[in-house]
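coords please:
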Amino acid sequence: MVMEAAIGAGGFLLGLAAAYWFGWPARRNASRSAFLGEEGLAYIKGVNYILSNSPDQAIEEFVKAVQINSETVETYLALGSLFRAKGDVHRAIRIHQGIICRPYLDPKIMIQALFHLGLDYRKAGLLDRAVETFQQVVEKDPKMLQAYLQLEALYEETRDWEAAYQTQQKISKLRKTDDRHILSHLLTEMGKVKLEQGDRKGAEKSFKKAISVHSACVDAYLHLGDLYAEEGKDAKAVEMWKQIFEVAPPFIFLAFDRLERAFFRMGRVDELERILRDRSAEKEREYVSSLYLGRHLLKKGAAEEAEQVFREVLDRWSGDREARRGLIRALRAQGKRDAALEEYERMLDECLQEGHRFRCRMCGYRGAQLSWKCPQCHRWDTLDPEWQVDAGGESSG
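Numbers count the residues shown, from 1 in each chain. The predicted structure is shown next:
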């Protein structure tokens with residue numbers, strides 16, 4: 001981790017080296033011949049050590065450089081970044097604070113120092129100070145994308161979803177990208193907080209806005225449906241959850257139990273079965289709908305038909321444990337104990353090849369729990385159900 005962070009600082013330091021040579025505004029009166037002296041050589045050695053993955057030696061050279069010329073702000077910036085990369089955050093904070101306090105500091109260097117001080121605070125876990133510092137950065141440079149990205153991440157960490165939403169809008173405008181899927185998730189999180197606070201009308205408004213911003217936001221449909229169901233509006237809840245069949249078929253498993261309970265309360269269980277049969281007949285969606293159709297048939301006592309449905313699922317996805325479990329239950333319900341035992345042994349063999357349920361299509365992260373934001377690459381809507389990836393299915397995001 002330390003080495004990777006130090007390497008990541010390499011690009012920044014290389015930029016500093018170039019700026020150092022061609023002249024920061026603060027160094028306009030300095031002769032370039034001075035750069036070729038001991039101070040300059042120590043600085044260049046430090047950059048070379050960074051690029052060769054030797055942060056300790058780099059720090060040693062930068063310390064030499066500042067001992068020779070304590071007025072060299074660029075060297076202090078580089079040194080502070082290195083201390084942060086090595087985990088010596090408090091020393092990095094002191095260095096960057098010292099730079100900011102200097103009189104007649106060039107505005108561009110002030111912005112860089114503030115930005116790196118914000119990174120120091122964030123790494124030290126001083127999130128409020130980090131937010132305040134990055135806010136100062138964007139006040140001084142309203143187009144500094146990296147500062148907005150840091151702010152948005154911090155707002156998410158502190159669950160300030162309103163601020164995260166507003167900051168994401170600025171990010172999208174700066175980099176000219178369509179980030180409606182991110183905005184919809186932030187609106188959904190805002191709705192969840194309002195629900196926690198007892199503001200049901202505000203929550204409903206946030207969920208609806210999330211769907212209007214990005215029509216494939218599964219999380220918004222789920223929570224809006226939940227809100228309606230809690231208010232006894234099962235028909236409206238069902239309409240919300242059914243939308244997932246259209247916008248993100250692989251994720252209908254998140255809504256099935258909700259749908260089943262709502263249809264049962266309304267006395268319309270046959271309608272659920274009809275929907276599942278219709279969806280199962282469509283080749284590209286048959287996995288999830290077929291799986292739940294089999295479960296439904298088991299519950300109503302149609303074990304023989306359920307067995308056939310589960311076998312059809314396993315014909316295409318032989319390693320699916322949910323389908324295998326369903327098949328075992330269907331066989332036991334029919335008294336086919338030997339066949340059930342055979343399937344059980346097969347499932348045990350498959351368990352030895354432990355798999356994950358979700359995979360990120362961007363970075364390859366694999367995990368057992370669904371997250372709307374990848375824990376590894378931190379992108380929204382990139383985790384797909386494992387069976388969908390293995391079958392070569394299209395992404396739902």
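
Helices of the stretch 1-150 of the chain, start to end?
2-22, 32-35, 38-51, 55-68, 73-86, 89-100, 107-123, 127-140, 145-157 (DSSP state H, counting those that start in this stretch).

Does G232 belong to a helix, a strand or coil?
coil (DSSP: H, G, I helix; E, B strand; the rest coil).

how about it, what does it touch?
The contact partners of G232, by Cβ atoms under 8 Å, 6 or more residues apart in numbering, come to none. All C-beta atoms are positioned from the backbone trio N, CA, C, and that covers glycine.

State the phi and psi torsions of it.
The phi and psi values for G232, taken as degrees, to the nearest 10, are phi 80, psi 10.

Repeat that for G267.
phi 70, psi 30.

Distance check, the closest residue to E156 other than its chain neighbours against C377.
In space, and not counting its chain neighbours, E156 is closest to A164: 5.2 Å by Cβ to Cβ, 6 or more residues apart in numbering. Distance, A164 to C377, by Cβ to Cβ, to the nearest Å: 18 Å.

Among the two, which residue is more densely surrounded?
Shown here are A164 and C377; by other Cβ atoms under 10 Å, A164 has more neighbours (24 against 12).

wait, isn't that one in contact with E157?
No. Look at A164 against E157 with Cβ atoms under 8 Å: they stay out of range, at 9.4 Å.

so the nearest residue to F358 once chain neighbours are set aside bridges to which residues?
Once flanking residues are discounted, F358 sits nearest to L383: 4.5 Å by Cβ to Cβ, 6+ apart. L383 has these beta-bridge partners by DSSP bridges: C360.

Do you know the pLDDT at L383?
Listed pLDDT for L383 reads 88.

quick one, what contacts it?
L383 neighbours (Cβ under 8 Å, 6+ apart): 358-361, 365, 367, 370-372, 374.

Tell me how many other residues crowd D179.
18.

Not counting its neighbours along the chain, what's nearest it?
Spatial nearest neighbour of D179, chain neighbours left out: S172 (4.3 Å); criterion: Cβ to Cβ, 6+ apart.

For burial, what's the neighbour tally of the closest residue in space to A323 that isn't next to it in sequence?
Among residues not flanking A323 along the chain, V313 sits closest, at 4.1 Å (Cβ to Cβ, 6+ apart). Counted by other Cβ under 10 Å, the residues lying close to V313 total 25.

what mean pLDDT does the one helix or strand V313 maps to have?
Secondary structure assigned from DSSP states H and E places V313 in helix 303-316. In this model, helix 303-316 has a mean pLDDT of 86.

and if you look at stretch 182-193?
Mean predicted confidence for stretch 182-193 is 97.

circling back to that earlier point, what's the closest of the contacts of L383 to I275?
Of all those, I275 sits closest to L370, with 22.6 Å by Cβ to Cβ.

Backbone torsions only: list them for W380.
Per degrees, to the nearest 10, the backbone of W380 is at phi -80, psi 150.

ok, it - contacts?
Taking Cβ under 8 Å, 6+ apart as the test, what W380 contacts is 181-182, 185, 372-374.

Please list the residues outside stretch 295-303 that contact it.
260, 269, 272-273, 276, 305-306, 309, 326, 329-330, 333-334.

Spell out for me the ChimeraX command that would select the buried members of those residues.
Here is the ChimeraX command that selects only those of the contacts of stretch 295-303 that count as buried (16 or more other Cβ atoms under 10 Å):
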select :260,272,273,276,306,309,326,329,330,333
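
out of the contacts of stretch 295-303, which are inside helices?
260, 269, 272-273, 276, 305-306, 309, 326, 329-330, 333 (DSSP state H).

would you list those in JSON lines and tack on distance to I109?
Formatted as JSON lines, those follow (distance: Cβ to Cβ, whole Å):
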{"residue": "E260", "distance to I109": "62"}
{"residue": "V269", "distance to I109": "69"}
{"residue": "L272", "distance to I109": "65"}
{"residue": "E273", "distance to I109": "69"}
{"residue": "L276", "distance to I109": "64"}
{"residue": "E305", "distance to I109": "74"}
{"residue": "A306", "distance to I109": "70"}
{"residue": "V309", "distance to I109": "68"}
{"residue": "G326", "distance to I109": "65"}
{"residue": "R329", "distance to I109": "69"}
{"residue": "A330", "distance to I109": "71"}
{"residue": "A333", "distance to I109": "75"}
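
Go through these and say which is closest to A237.
Using Cβ to Cβ, E260 comes nearest to A237 of the ones in helices among the contacts of stretch 295-303, at 12.0 Å.

do you know how far the closest residue to the closest one other than its chain neighbours is from L222?
Distances taken as Cβ to Cβ, 6+ apart put L272 closest to E260, at 6.2 Å, once the chain neighbours are dropped. Per Cβ to Cβ, L272 is found 17 Å from L222.

Ok, A323 next?
From A323 to L222 the distance is 24 Å (Cβ to Cβ).
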